[in-house]
Structure formats: structure tokens, C-alpha cells
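Student: With the sequence up front, the predicted model follows.
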Amino acid sequence: MRSTLLAVLAAALVFVPAADAATRSQANAKARKAADAYTDKNYGISGGASFWTANCRRSSGAWKCSLGTTSGQCSGSLKLSSNLSKTYAVKIGCGE
């Protein structure tokens, strides 16, 4: 009984839920939303998430995203945590 319980506990520790793993498509969508919120707050420019293009890639356990507006007015980068719960290192600029 004890060895069975230990085996179950060990298996539970190894199992990583798939819900924590974000896809590239999900990261791109989150980055577009975060970029729109950032430029709305800092520049008064908001066109919705569809106003943005994003190209995210995994980097050191997180997502690193390059961004630009479809009009070319704003561009930059940001990082997302691996499960997309946090946005950080936002560097986005907008020209006239």
C-alpha cells in the first residue's frame, strides 16, 4: 500500500498540466492586446488588437514578441510569461 501511494505521488509530481503551456497563436493574440492597451494608456492611440501584428517566439522560458501596427505608426517589443499571465519589458514607441 505504501509503495503504491509513493508511486502515485511521484507520478503527480512529474505531471505538468497542458493548460499551462501556451501556443504561439495565443501568445501573438495576448501580445496584440497588451500592445493596444499600452499605447492607449501612454499615447492615446488605440485601434484594437487587430490594429497590431505580433511575432512571438519562446525565449528562456518566456515569450519574446516583436510588434507593429498595421499602419506602421507604432512598433516595439514586449515579453510574456510562459503561461501568458504577465506582460513585462514593454518597449513600444509611436511616431507622428
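Tutor: Here it is on my side, so go on. Numbering: from 1, shown residues only.
Student: C-alpha from now on. contacts and neighbour counts both.
Tutor: Noted.
Student: partner residues bridging the spatially most central residue of the chain?
Tutor: Central residue of the chain (CA atoms, centre = their mean): residue 80, 3.6 Å from the mean position. Counting by DSSP bridges, residue 80 forms beta bridges with residue 63, residue 87.
Student: element containing residue 36, please.
Tutor: helix 24-43 (DSSP states H and E).
Student: What backbone torsions are found at residue 60?
Tutor: phi 50, psi 50 (degrees, to the nearest 10).
Student: List the residues that contact it.
Tutor: Counting by CA atoms under 8 Å, 6 or more residues apart in numbering, residue 60 makes contact with nothing.
Student: again, only this time at 10 Å
Tutor: Residue 60 makes contact with 81, 82 under the criterion CA atoms under 10 Å, 6 or more residues apart in numbering.
Student: For it, give its distance to residue 21.
Tutor: 14 Å (CA to CA, to the nearest Å).
Student: Relative to the whole chain's centre, how far out is stretch 52-60?
Tutor: Mean C-alpha position of stretch 52-60 versus that of the full chain (CA atoms, centre = their mean, to the nearest Å) differs by 7 Å.
Student: tell me the mean pLDDT over it?
Tutor: Mean pLDDT, stretch 52-60: 96.
Student: If we go by neighbour counts, what in it is buried?
Tutor: Counting neighbours by 16 or more other CA atoms under 10 Å, one finds that the buried residues in stretch 52-60 are 52, 53, 54, 55, 56, 57, 58.
Student: Phi, psi for the second one please.
Tutor: Think residue 53. According to degrees, to the nearest 10, residue 53 has phi -110, psi 150.
Student: With that, I have no additional questions.
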